[in-house]
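Novice: Fold the following and give me the result.
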Amino acid sequence: MDKQTINNLNVNGKRVLVRVDFNVPLDKAGHITDDTRIRAALPTINHLRAQGAAVILMSHLGRPKGVDPSQSLKPVAARLSELIDAGVAFAPDCVGAEIEVMSRALGSGGVLLLENLRFHKAEEKNDPTFAKQLSALGDVYVNDAFGSAHRAHASTEAVAHFLPAYGGFLMARELNFLGKVLTNPARPLVAILGGAKISDKLPVITNLLPLVDKLIIGGGMANTFFKAQGLAMGDSLVEDSALEAAKAILGSASDKLVLPSDVVVADKFAADAATQVCGVNEVSAGWRILDIGPKTAEAYADILKSAKMVVWNGPMGVFEFPAFANGTNKVAVAVAAASEAGAITVIGGGDSVAAIEQSGLADKITHISTGGGASLEFLEGKVLPGVAALS
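Specialist: Numbering: from 1, shown residues only. The predicted structure follows:
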């Protein structure tokens, strides 16, 4: 990574303002239901504390329209305190004279968590005045929130113009592994793209096709490719507006693009639907494709056996329904097996992460990205504002 990280930084006696991604799910009672994002930030927080810094943490949570107590970060402060086995002070706001006093009173190794950044509209507007107020809380800025790096917000972009700006350990790890896919992949490099809509992944497909050895397609997005080939899709999800783009990709992909040969179809979109397996050219009227078929899953697993690097984004079917989770689960097992055989495996955020965790194989994967939208935009070849702003 051609960015400065906290490894290049002497923080002893300094106040370090850290952008983290604590956008965690809360239940109706305000309890955290998954603390993965909090735990992902611990290496950076613990390192800064051990080096003698006072650590001021800032994050957003949800999409509040102004101040909303149901989306306060206060429960996160309590959970973080448990995880680091130390007190975490909680600020009632994220800017202002009172918060500045709190930041300056913080001792070496102390931790202060600011209230939800998005309680202020200026955060999402990338307002420089708001960013300057945030910068008054620290001597140095660290961005460890890759999941928000694709957004040019005050806490991810503008604040870096007021303070020396460094990447945290999580940010560095994300850029290292995703960067290898684009610039220095081990070969064969196999990309797996799934999900419902081809329009969501068109820029990624276009950017990755020249780079990969094989690009495996699954999920609803495969249907648009099938229709572009003239196949009947019954009641399957198809994006007619993307048919010309699909035809262009098919025409330029050579043998790199790999599509399903058989599929699991259902008579309705429901967990209890009647199902059957058929070839991709045998989808009857009234039926819809909801998963890749067993022969396809086997073929994809065979391709992955020889891979030295794998990047995966998007499920192979409607894996939320057990009847249509087999394709995704088979691919998860194959990706994990590739890891164990020495391949570098990268899961690119979103539903793929849920799928790999659901399969119980997350610990077998080399790197699981914390940023769904950010990882997709990175793989598209876009410059992420929160990354570009770092020193």
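Novice: low-scoring pLDDT stretches of the stretch 251-391 of the chain, where are they?
Specialist: 349-350 (pLDDT under 70).
Novice: so where do the helices sit in it?
Specialist: With DSSP state H, counting those that start in this stretch, the ranges of helices along the stretch 251-391 of the chain come out as 294-305, 326-340, 351-358, 372-379, 385-388.
Novice: What are the buried residues along the second one?
Specialist: When you say that, I think you mean helix 326-340. Buried residues in helix 326-340, counted by 16 or more other Cβ atoms under 10 Å: 326-339. C-betas here are computed from N, CA, C, even on glycine.
Novice: of those, closest to residue 252?
Specialist: Of all the buried residues of helix 326-340, residue 331 has the smallest distance to residue 252: 24.8 Å, by Cβ to Cβ.
Novice: any idea how this protein splits into domains?
Specialist: Here the domain parsing of the chain from automatic domain parsing is 6-171, 185-379.
Novice: The longest one spans what distance, first to last residue?
Specialist: I take that to be domain 185-379. Using Cα to Cα, to the nearest Å, one end of domain 185-379 lies 13 Å from the other.
Novice: ditto for the shortest one
Specialist: Between the start and the finish of domain 6-171 there is a gap of 10 Å, counting by Cα to Cα.
Novice: for the record, mean pLDDT for that domain?
Specialist: Domain 6-171 shows an average pLDDT of 95 in the prediction.
Novice: ok now that domain, how far from the chain's centre?
Specialist: On the basis of Cα atoms, centre = their mean, to the nearest Å, domain 6-171 sits 19 Å off its chain's mean C-alpha point.
Novice: before we move on, back to that, for the helices of the stretch 251-391 of the chain, give me TSV that also has distance to residue 263.
Specialist: As requested, these are exported to TSV (distance: least, Cβ to Cβ, whole Å):
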stretch	distance to residue 263
helix 294-305	7
helix 326-340	9
helix 351-358	18
helix 372-379	25
helix 385-388	38
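Novice: Tell me which of the ones you listed sits nearest to residue 169.
Specialist: Short answer: helix 385-388, nearest of those by Cβ to Cβ, at 14.7 Å.
Novice: List the contacts of that closest one.
Specialist: Residues outside helix 385-388 that contact it (Cβ atoms under 8 Å, 6 or more residues apart in numbering): 3, 19, 143, 145-146, 148-152, 156-157, 167, 171, 175.
Novice: For those residues, I'd like a selection string for ChimeraX - just the buried members, please.
Specialist: Buried residues within the contacts of helix 385-388, by 16+ other Cβ under 10 Å, are selected in ChimeraX with:
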select :3,19,143,145,146,148,149,150,151,152,156,157,167,171,175
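Novice: Among the contacts of helix 385-388, which one lies nearest to residue 129?
Specialist: Nearest member of the contacts of helix 385-388 to residue 129, counting by Cβ to Cβ, is residue 157, at 14.1 Å.
Novice: do you know how far the closest one is from residue 134?
Specialist: 11 Å (Cβ to Cβ, to the nearest Å).
Novice: now do residue 73
Specialist: Residue 73 is 15 Å from residue 134, by Cβ to Cβ.
Novice: If anything else comes up later, I'll come back, but that's it for now.
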